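>>> give me the fold of what follows.
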Amino acid sequence: MEQISCSSIREPVRKQIAAGKAHYQEEHLLKEILANMPPQARHKAGIETPETEGMHISDPSSIRKLLIPDESISSIQNPLRWVIFCMVLYYHGVKLSVLGGWMKVHKTTILRWILGLALALWPIAYKWIVDKVKARAVYIDEKWLKIHGKWHYWFVVLDVVTGLPVLASLLPSKSKWACRWMGVKLKSIGKIPRVVITDGLLGYHYVIEGAKHILCLFHHQQGVTSFLKRIFHSKEQVDSRKSKMKKLLQTNDKRTVRRRLWKLKESAGELGIVEWIQQTENNLSKLLPSVVPRTTNAIERFFRAFSRFYKVRCGFFSVISAKRELIFFLLMYLFVIQPESGKAPIESIMPDARRMPLYKLVNDPFGTVMGIGDVKKNVRMADFALHQCA
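This is a model prediction of the structure:
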């Protein structure tokens with residue numbers, strides 16, 4: 001720094017470095033950091049597993065039995081089954097204080113139980129994903145989270161074929177440098193996608209060099225409504241234009257898309273949508289590849305499931321606790337049967353998962369833990385659970 005003669009440049013850069021906001025040669029630094037990483041660190045450069053101090057489960061052998069196909073439920077210790085029972089209820093929105101009241105323990109004890117078990121199981125499940133998922137085409141999207149009053153962004157990379165999370169990372173911003181860091185981490189775990197499907201965030205252009213960037217049709221159609229509401233204030237004006245604009249991509253024929261766009265362009269001035277037409281023309285090369293085959297919006301289903309989980313929490317206390325709960329959600333998402341497909345996501349790469357004790361305990365907690373054949377016949381579940389715990 002002392003060799004730079006121009007003080008007007010040196011002083012601002014010095015202040016930026018002191019504040020941690022300088023991005024000079026950051027791409028080069030990221031490559032150098034990864035090049036000097038030990039093998040163990042490279043292997044863990046995917047979804048981070050936070051520190052597990054004070055959160056160990058006492059019997060590792062019993063935990064491993066949860067992921068062994070055809071292992072009997074009776075071989076799983078009864079306390080461990082009740083921990084999984086609490087995991088299921090917590091995942092579906094039951095508060096920790098309610099679970100603590102049922103189990104006659106403090107709510108923080110319940111949280112230690114379920115997060116400790118999730119942190120013990122997640123490395124095994126994630127290794128299955130890294131080993132079996134090729135990730136040639138991926139979705140990338142982010143979800144904002146509030147942590148101790150500050151906004152953070154949870155980036156998730158989802159494989160198009162299997163719908164499984166290949167990579168996830170919690171970052172304090174969604175700048176192009178954050179997106180580039182996601183690309184660096186993808187390379188570090190040996191996943192270099194050829195096709196990247198995003199919602200159009202400019203930073204995603206820097207994720208993977210050479211990958212084909214495609215815009216998601218779902219997000220494009222969502223943008224139609226937001227654009228019209230920004231320009232027009234009357235509901236009648238919005239509705240009369242929305243159907244015509246959304247119809248543009250409601251086809252499987254690329255030539256039909258071009259023909260409809262040309263026809264809509266002729267009346268763009270009259271409709272007041274010239275700006276939207278220009279944006280669509282500029283993005284047409286990235287929209288047409290997603291017309292055939294059409295996007296399945298797996299990333300949207302993933303984040304809808306996460307939104308149901310997150311809205312009960314209304315934020316996290318710290319980055320460490322947020323990472324732990326995100327890993328808990330990922331583990332449960334893998335093993336919970338999805339209503340759209342009737343299968344758990346993990347079954348796309350592990351067909352034997354249906355025969356694992358964890359799969360059975362997660363998807364039929366009342367039958368496997370309490371021995372209840374039909375939940376609807378036991379309307380006072382809280383009283384029944386309290387009696388079983390006693």
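>>> mind listing the strands for the stretch 151-300 of the chain?
165-171, 195-198, 212-215 (DSSP state E, counting those that start in this stretch).
>>> contacts made by the first one with the rest, please.
If I follow you right, that is strand 165-171. In this structure, residues lying in contact with strand 165-171 by CB atoms under 8 Å, 6 or more residues apart in numbering are 46-48, 129-130, 133, 135, 138, 145, 152-159, 178, 181-182, 185-186, 189, 191, 302, 319, 322-323, 326, 330, 333. For the C-beta atoms, the positions are set from N, CA and C on the backbone; glycine is no exception.
>>> Provide the strand pairings for it, with the direction of each partner.
Strand pairing for strand 165-171, using DSSP bridges, gives strand 150-159 (antiparallel).
>>> can you show me the CA trace of the strand it pairs with as CSV?
This file holds the C-alpha atoms of strand 150-159, laid out as CSV (Å, rounded to 0.1, in the frame of the first residue of the first chain):
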residue,chain,number,x,y,z
LYS,A,150,-30.3,-8.5,10.3
TRP,A,151,-31.2,-9.8,6.9
HIS,A,152,-29.3,-12.8,5.5
TYR,A,153,-29.7,-14.9,2.4
TRP,A,154,-30.0,-18.7,2.2
PHE,A,155,-28.7,-19.8,-1.2
VAL,A,156,-29.8,-23.2,-2.4
VAL,A,157,-28.7,-25.2,-5.4
LEU,A,158,-31.2,-27.8,-6.4
ASP,A,159,-30.6,-30.6,-8.9
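>>> mean confidence score for that strand?
What strand 150-159 shows for mean pLDDT is 90.
>>> ok, the residue lying closest to Ile208 once chain neighbours are set aside - how many residues close by?
What sits nearest to Ile208 in space, not counting adjacent residues and going by CB to CB, 6 or more residues apart in numbering, is Gly183, at 4.8 Å. The local packing of Gly183 (other CB atoms under 10 Å) involves 23 other residues.
>>> who are the packing partners of the helix or strand harbouring Leu111?
Element membership for Leu111, per DSSP states H and E: helix 107-132. Judged by 3 or more CB pairs under 8 Å, 6 or more residues apart in numbering; DSSP states H and E, the packing partners of helix 107-132 are helix 60-65, helix 78-91, helix 96-103, strand 165-171, helix 319-335.
>>> and with 7 Å instead?
Under the contact criterion of 3 or more CB pairs under 7 Å, 6 or more residues apart in numbering; DSSP states H and E, the helices and strands touching helix 107-132 comprise helix 78-91, helix 96-103, helix 319-335.
>>> pipe these into TSV and attach mean neighbour count per row.
TSV is the format used below for the helices and strands packed on helix 107-132 (neighbours: other CB atoms under 10 Å):
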stretch	mean neighbour count
helix 78-91	20
helix 96-103	17
helix 319-335	21
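>>> dump these to JSON lines, plus distance to Arg241.
As requested, the helices and strands packed on helix 107-132 are exported to JSON lines (distance: least, CB to CB, whole Å):
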{"stretch": "helix 78-91", "distance to Arg241": "41"}
{"stretch": "helix 96-103", "distance to Arg241": "47"}
{"stretch": "helix 319-335", "distance to Arg241": "38"}
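>>> quick one: which of those is nearest Arg258?
The closest approach between Arg258 and any of the helices and strands packed on helix 107-132, judged by CB to CB, belongs to helix 319-335 at 38.8 Å.
>>> before we move on, the earlier item: please check the contacts of strand 165-171 and keep the buried ones.
Buried residues within those, defined by neighbour count using 16 or more other CB atoms under 10 Å: 46-47, 129-130, 133, 135, 138, 145, 152-159, 178, 181-182, 185-186, 189, 191, 302, 319, 322-323, 326, 330, 333.
>>> please convert the helices and strands packed on helix 107-132 to JSON lines, extending it with mean pLDDT and distance to Lys263.
What follows is the helices and strands packed on helix 107-132, written out as JSON lines (pLDDT from 0 to 100; distance: least, CB to CB, whole Å):
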{"stretch": "helix 78-91", "mean pLDDT": "90", "distance to Lys263": "49"}
{"stretch": "helix 96-103", "mean pLDDT": "88", "distance to Lys263": "57"}
{"stretch": "helix 319-335", "mean pLDDT": "92", "distance to Lys263": "43"}
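>>> nearest to Ile273, out of those?
Comparing those by their distance to Ile273 (CB to CB), the top pick is helix 319-335, with 38.7 Å.
>>> give the buried residues for the following helix or strand past the closest one.
Using DSSP H and E, the next helix or strand after helix 319-335 towards the C-terminus is helix 357-363. Going by neighbour count (16+ other CB under 10 Å), the buried part of helix 357-363 is 357-362.
>>> what's the farthest-apart pair in those residues?
Using CB to CB, the buried residues of helix 357-363 span at most 9.5 Å, a distance reached by Pro357 and Val362.
>>> circling back: buried residues in the helix holding Leu111?
Residues of helix 107-132 classed as buried: 110-122, 125-126, 128-130 (neighbour count, 16+ other CB under 10 Å).
>>> cool, thanks, signing off.
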